[in-house]
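Q: just coords:
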Ligand SMILES: Nc1ncnc2c1ncn2[C@@H]1O[C@H](COP(=O)(O)OP(=O)(O)OP(=O)(O)O)[C@@H](O)[C@H]1O
């Protein structure tokens, strides 16, 4: 089985890649769900998800979220016949190291290359209207800085593949679909 994790700047297209996966019947584990669950448990404001994620990493280590995702990943691997599984939301190198150690050779890290300025990413976030999204460019810049502080740059540098999202959404979705098709064919050929 191939386990593909996507890494990229906020609003670079990770959730879109997961949407394409779901449309193709590929199971997706969303790391942000761990945070959303924690927010719910604490009765906190969804906008404080970033702070809670930082706190978990400080208390339990930089790979805390990856560790908490492992049960979900193993469960999906057991209950799905798919040849590919997607992990959405790797934010740092400690998580990459954790997954490499626990998932072995089947793990592949794909980074999403963008050249959209922060203003353009913010406009996309405004259109997306996700509950936990930030409401100003300043907050997006803070989130960029926070995630870079988690070792996102090192994670991007450690990626096995790069997929560009520098043109239209259709073009990007087409490239993601091609990647998944390739992975499914490769995995079937290995069996
Ligand atoms: N090439 C593109 N052209 C136009 N819109 C795009 C493009 N790529 C992504 N989008 C849109 O930008 C928004 C942000 O993308 P997406 O939600 O996939 O980012 P993300 O990396 O998952 O973000 P986050 O890190 O906040 O979870 C979405 O509404 C998506 O449809």
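A: In hand now; what should we look at? Just so we're clear, the structure is a prediction, and the values are computed from it rather than from any experiment.
Q: which elements pack onto the helix or strand encompassing residue 155?
A: Secondary structure from DSSP states H and E places residue 155 in helix 152-157. Helix 152-157 sits against strand 2-7, helix 93-103, strand 107-113, with contacts defined as 3 or more CB pairs under 8 Å, 6 or more residues apart in numbering; DSSP states H and E. The C-beta positions use only the backbone N, C-alpha and C, and glycine is treated the same way.
Q: which among these is found nearest to residue 174?
A: strand 107-113 (14.2 Å; CB to CB).
Q: how near is the residue nearest to residue 34 when sequence neighbours are not counted to the ligand?
A: Among residues not flanking residue 34 along the chain, residue 68 sits closest, at 4.7 Å (CB to CB, 6 or more residues apart in numbering). According to CB to the nearest ligand atom, to the nearest Å, residue 68 and the ligand sit 17 Å apart.
Q: wait, residue 68 sits on residue 33?
A: No: with contact defined as CB atoms under 8 Å, residue 68 does not reach residue 33; the gap is 9.5 Å.
Q: picking up where we left off before, ok, and what's touching the helix holding residue 155?
A: Here helix 152-157 makes contact (CB atoms under 8 Å, 6 or more residues apart in numbering) with 7, 8, 9, 90, 91, 92, 93, 95, 96, 109, 111.
Q: ok now that helix, how far from the chain's centre?
A: Here the centre of helix 152-157 is set off from its chain's centre by 13 Å, with CA atoms, centre = their mean, to the nearest Å.
Q: what residue is smack in the middle of the protein?
A: What sits nearest the mean C-alpha location of the chain, by CA atoms, centre = their mean, is residue 89, with 2.1 Å.
Q: which neighbouring elements make contact with the longest helix seen in the chain?
A: Identified as the longest helix of the chain according to DSSP state H is helix 169-189. If you count contacts as 3+ CB pairs under 8 Å, 6+ apart, helix 169-189 packs onto strand 2-7, helix 14-23, strand 84-88, strand 161-164.
Q: could you report the neighbour count for residue 15?
A: Residues lying near residue 15 (other CB atoms under 10 Å) number 17.
Q: isn't it right up against residue 86?
A: No: applying CB under 8 Å as the test, residue 15 and residue 86 come out as separate, 10.7 Å apart.
Q: buried set for the host helix or strand of residue 148?
A: Following DSSP H and E, one finds residue 148 within helix 137-149. Residues of helix 137-149 classed as buried: 140, 143, 144, 146, 147 (neighbour count, 16 or more other CB atoms under 10 Å).
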